[in-house]
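Asker: Provided below are the primary sequence and the corresponding predicted coordinates.
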2 protein chains.
Amino acid sequence: MTFPPFAVAVDLVVFTIRNDELCVLTIKRGEAPYKGRVALPGGFVLPNEDLEAAAQRELAEETGVGASHDTHLEQLATYGAPKRDPRIRTVSVAYLAFAADLPEPVAGTDAASAKWMPVSEALEIKLAFDHSTILKDGLERARAKLEYSTLATAFCPAEFTIADIRNVYELVWGIAIDPRNFHRKVLASVGFVEPTGELVSQGRGRPAQAFRAGPAVQLHPPIARGT
Amino acid sequence: MTFPPFAVAVDLVVFTIRNDELCVLTIKRGEAPYKGRVALPGGFVLPNEDLEAAAQRELAEETGVGASHDTHLEQLATYGAPKRDPRIRTVSVAYLAFAADLPEPVAGTDAASAKWMPVSEALEIKLAFDHSTILKDGLERARAKLEYSTLATAFCPAEFTIADIRNVYELVWGIAIDPRNFHRKVLASVGFVEPTGELVSQGRGRPAQAFRAGPAVQLHPPIARGT
DNA sequence: TTGGATAATCATCAGTATGACGATAATTAT
DNA sequence: ATAATTATCGTCATACTGATGATTATCCAA
């Protein structure tokens, strides 16, 4: 029996928070197709490489960060419409990554230029391939995961304050959250955060307790969006 | 530039409820590798076929059911470990389907024999390829989706009773649920079900109201597992 | 025909979570 | 010092949850 040959790629939706904005890692394509167009970083999977390993490799190439660092990586979905890549039949497995504020990305092998772009901006332009769809799906996944998982800590450095976490929720969900109720909920969700005992001053206002990520992965009870 | 060639397949986790048991559609492989082993149905994606279309096609081939019927189909995840198929480097996009009780499946092209197997049984044997992992992931996804989506109605015929839905939850979650609280919650979740006005007698006991699926897709509020 | 047995449906109650919002505490900027 | 700012604690009415009692409408067996 013979098999129709496909190219298999991984694409990355890497979110971080910079300058009080939710940003996504983008590249500007240096070659056809879609030359000069903004795209998500990604590349073909090597003949003997696991899918997740390929995603890790691309992530490291583009950001210079070993993914185990502070970075959460998970499979998002797979896109395989017949004409999505005009060159050859390609199936792309998209991965979603969340990173604490990273240094400016390093242009990798196949990236003419990589940079963090505010998500609001990336959503308004037409990305290469079906990357606009992938970005939208990734954003929706991230928003949903904040509700029932401890994902938000992945956007924060090792030590953070409740306000830092609230900031993540507000920027990702794009809504304002009552600080008092949010504070109560975070502390009520067992294993979400644990106090370090330190106080940190954030500029003006009363200094805040420092916390580190707790052992929980799921939030009990969850923190719901809207009503 | 040249691309490493991959085979791309779709595999199906099709759940239904038969004889008061959660069952999954399985085939017995007729050819090597894993000849004679139980596997999930699936097959290679055609050169010009969309991934979801391939899943629909496989579903129709194995069950004889047009997927739009009463069947919900969604992408589960993609599996691409380098050695998962000993013949050639293969990436498999798994799809999850939920069906109301279907007629006995029809053996399809590449299936020596297709049949419904209780999930409890399928979990205990070693399936071909990495299909045991796929099945486990599919089951967990199904369990999770019951909490916040109206998925349960996909397991029911067009008209059903609250007890029918409860039965779905009990069988998929594998736990007993209090009928009184469950009844209350289902009716409280707006758009989950709407009454047809009919009464149906289920054998002994007071006859139940008949319902049909409502317009909602998400449950508000959700119906939580455990505490 | 009647008295279970069975299942659907309604009702109650206490514990918990939620949103709105008032009050206090601890800093920095002026 | 005083004002502005942010963290944190409290209060309250409402909503949701799990446990459980009570009622209703059937079928079935004596």
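Answerer: The structure has been received and is ready for your questions.
Asker: mind checking which helix or strand of chain A has the lowest mean pLDDT?
Answerer: Least confident helix or strand, chain A: strand A:113-118 with a mean of 89, by mean pLDDT, DSSP states H and E.
Asker: continuing past that one, what's the next helix or strand?
Answerer: Going down the chain from strand A:113-118, the next helix or strand is helix A:119-124, by DSSP states H and E.
Asker: Just name whatever secondary elements that next one is in contact with.
Answerer: strand A:21-28, helix A:131-148 (3 or more C-beta pairs under 8 Å, 6 or more residues apart in numbering or on different chains; DSSP states H and E). In short, each C-beta sits where N, CA and C put it, glycine included.
Asker: out of the ones you listed, nearest to chain B?
Answerer: Nearest of the helices and strands packed on helix A:119-124 to chain B, taken as C-beta to the nearest C-beta: helix A:131-148 at 8.9 Å.
Asker: Okay, angle between the closest one and helix B:131-148 too, please.
Answerer: 70 degrees (axes from the mean of the first three to the mean of the last three C-alpha atoms, to 10 degrees).
Asker: Please point out which parts of helix A:131-148 sit buried.
Answerer: For helix A:131-148, burial by neighbour count (16 or more other C-beta atoms under 10 Å in any protein chain shown) applies to A:H131, A:S132, A:I134, A:L135, A:D137, A:G138, A:L139, A:R141, A:A142, A:K145, A:L146, A:Y148.
Asker: what helices or strands is that helix leaning on?
Answerer: Using 3+ C-beta pairs under 8 Å, 6+ apart as the test, helix A:131-148 ends up in contact with strand A:7-18, strand A:72-79, strand A:90-99, helix A:119-124, helix A:162-173.
Asker: how about JSON lines for these, with mean neighbour count added?
Answerer: Converted to JSON lines, the helices and strands packed on helix A:131-148 look like this (neighbours: other C-beta atoms under 10 Å in any protein chain shown):
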{"stretch": "strand A:7-18", "mean neighbour count": "24"}
{"stretch": "strand A:72-79", "mean neighbour count": "20"}
{"stretch": "strand A:90-99", "mean neighbour count": "24"}
{"stretch": "helix A:119-124", "mean neighbour count": "16"}
{"stretch": "helix A:162-173", "mean neighbour count": "19"}
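Asker: any chance of those in CSV, plus distance to B:K185 and mean pLDDT?
Answerer: Output for the helices and strands packed on helix A:131-148, formatted as CSV (distance: least, C-beta to C-beta, whole Å; pLDDT from 0 to 100):
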stretch, distance to B:K185, mean pLDDT
strand A:7-18, 34, 96
strand A:72-79, 30, 96
strand A:90-99, 32, 96
helix A:119-124, 36, 98
helix A:162-173, 26, 97
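Asker: Those: which one's closest to A:E198?
Answerer: A:E198 lies closest, by C-beta to C-beta, to one member of these: helix A:162-173, at 13.4 Å.
Asker: And the helix or strand that comes right after that closest one, how far out from the chain middle?
Answerer: With elements assigned by DSSP H and E, the helix or strand that comes after helix A:162-173 is helix A:179-188. Computed by C-alpha atoms, centre = their mean, to the nearest Å, the separation of helix A:179-188 from the middle of its chain amounts to 24 Å.
Asker: hmm, helix A:179-188 in reach of chain B?
Answerer: No. Using C-beta under 8 Å from any C-beta of the partner chain, helix A:179-188 never reaches chain B; the gap is at least 15.0 Å.
Asker: buried residues in that helix?
Answerer: A:F182, A:H183, A:K185, A:V186.
Asker: check these against DNA strand C, which are close?
Answerer: A:K185 (C-beta under 7 Å from any atom of the strand).
Asker: and which of the buried residues of helix A:179-188 is nearest to chain B?
Answerer: In terms of C-beta to the nearest C-beta, no member of the buried residues of helix A:179-188 lies closer to chain B than A:K185, at 16.3 Å.
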